[in-house]
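have a look; sequence and predicted model below, questions after that.
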Amino acid sequence: MSDTTPSHVPATCPACSPEHETAHEVLSPGGQPTVRCTDCDHVHKTTIEREPTIECDVIVSQDGESFHARVEAPPSETIAVGEEFVVDSEMALMTVRITSLELPDGREEKAQADAVSTIWTRAVDNVSVNVTVNPNDGRHEDTRSFEVLVPGDEEFAVGSTRSMADEEFTIKSIKLRDDTTGYDHDQLDFSGDSAYAKDVLRIYADDETSSAWSAW
């Protein structure tokens with residue numbers, strides 16, 4: 001999941017410390033990475049000891065469909081619901097978020113990679129957001145819902161008016177998904193509160209396109 005090449009590594013420096021390891025910045029990872037000594041700034045090639053990796057089964061969900069993929073991870077790496085990583089599969093190269101970790105004896109929120117049977121995820125590059133709108137004339141029987149497809153990092157804010165999918169609506173509240181992190185509440189109700197589309201379960205809004213409706 002995470003990049004197995006660290007940003008800094010211990011290594012001997014042929015210029016200032018050929019016998020003892022010092023901290024080095026990794027400039028270019030690869031078979032024989034290029035590093036820079038943090039003591040004397042000498043740039044050279046070195047060998048980085050890497051922790052062996054294991055293959056993990058991943059199920060990716062996107063727009064109601066799912067497919068199987070495999071990713072590599074260090075066996076001792078701790079992974080958790082809500083974390084994101086890149087899946088490079090035959091289907092596509094995409095960023096996904098962990099929604100559930102399946103272990104042989106049940107499901108957990110956090111576990112070591114070698115203890116996990118299946119990593120369940122959903123794609124977050126592009127996501128469908130559910131929007132429920134109420135007519136602003138109080139006729140609740142005309143409440144309706146629709147979906148908008150947007151980039152996962154697009155922001156929605158309470159109190160803002162949006163024009164999307166031939167609809168215009170003012171956001172009243174935002175219901176967040178269970179796998180989100182970094183928010184104080186699971187529903188945002190105050191003006192100015194915002195969330196990324198990939199974190200949104202449903203938007204509740206007033207329908208501005210119905211402002212011209214008449215009771216006649």
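Sure, I can see it.

check contacts around residue 205.
Contacts for residue 205 (Cβ atoms under 8 Å, 6 or more residues apart in numbering) come out as 131-134, 169-172. Where C-beta positions appear, they are placed from N, C-alpha and C, glycine not excepted.

turn the buried ones among these into a named ChimeraX selection, would you?
This is the ChimeraX syntax for the buried subset of the contacts of residue 205, where burial follows 16 or more other Cβ atoms under 10 Å:
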select :131,132,133,134,169,171,172
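
ok, the contacts of residue 205 vs residue 63, which is closest?
residue 131 (15.9 Å; Cβ to Cβ).

name the nearest residue to that closest one, ignoring sequence neighbours.
Using Cβ to Cβ, 6 or more residues apart in numbering and skipping the chain neighbours, the partner closest in space to residue 131 is residue 203 (4.6 Å).

and residue 82, by the same measure?
Using Cβ to Cβ, 6+ apart, the nearest residue to residue 82 is residue 181, at 4.4 Å.

can you give me phi and psi for that neighbour?
phi -130, psi 160 (degrees, to the nearest 10).

ok, it to residue 188 distance?
14 Å (Cβ to Cβ, to the nearest Å).

more neighbours: those two, which one.
The residue with more neighbours, out of residue 181 and residue 188, is residue 188; 24 against 12, by other Cβ atoms under 10 Å.

need the pLDDT of the closest residue to that one other than its chain neighbours.
Leaving out its chain neighbours, the residue that sits closest to residue 188 by Cβ to Cβ, 6+ apart is residue 174, at 4.3 Å. pLDDT recorded at residue 174 is 97.

and residue 174, what are its bridge partners?
Legend: beta-bridge partners of residue 174 under DSSP bridges are residue 188, residue 203.

which ones among the contacts of residue 205 are found in strands?
131-134, 169-172 (DSSP state E).

give the buried residues for the helix or strand hosting residue 119.
Element membership of residue 119 [criterion: DSSP states H and E] is strand 118-123. Buried residues in strand 118-123, counted by 16+ other Cβ under 10 Å: 119-123.

with stretch 188-200 instead?
188, 193, 195-200.

wait, residue 111 touches residue 78, no?
Yes - the pair residue 111 and residue 78 passes the contact test of Cβ atoms under 8 Å, sitting 7.2 Å apart.

which of those two has more neighbours?
The residue with more neighbours, out of residue 111 and residue 78, is residue 111; 18 against 13, by other Cβ under 10 Å.

list the residues that contact the more buried one.
Taking Cβ under 8 Å, 6+ apart, one finds 78-80, 101, 103 in contact with residue 111.

quickly find the element holding it.
Per DSSP H and E: strand 110-112 holds residue 111.

now that strand: mean pLDDT?
95.

can you list the strands that it pairs with?
strand 78-80 (antiparallel).

is it true that residue 94 touches residue 84?
No - using Cβ under 8 Å, residue 94 is not in contact with residue 84; the gap is 10.4 Å.
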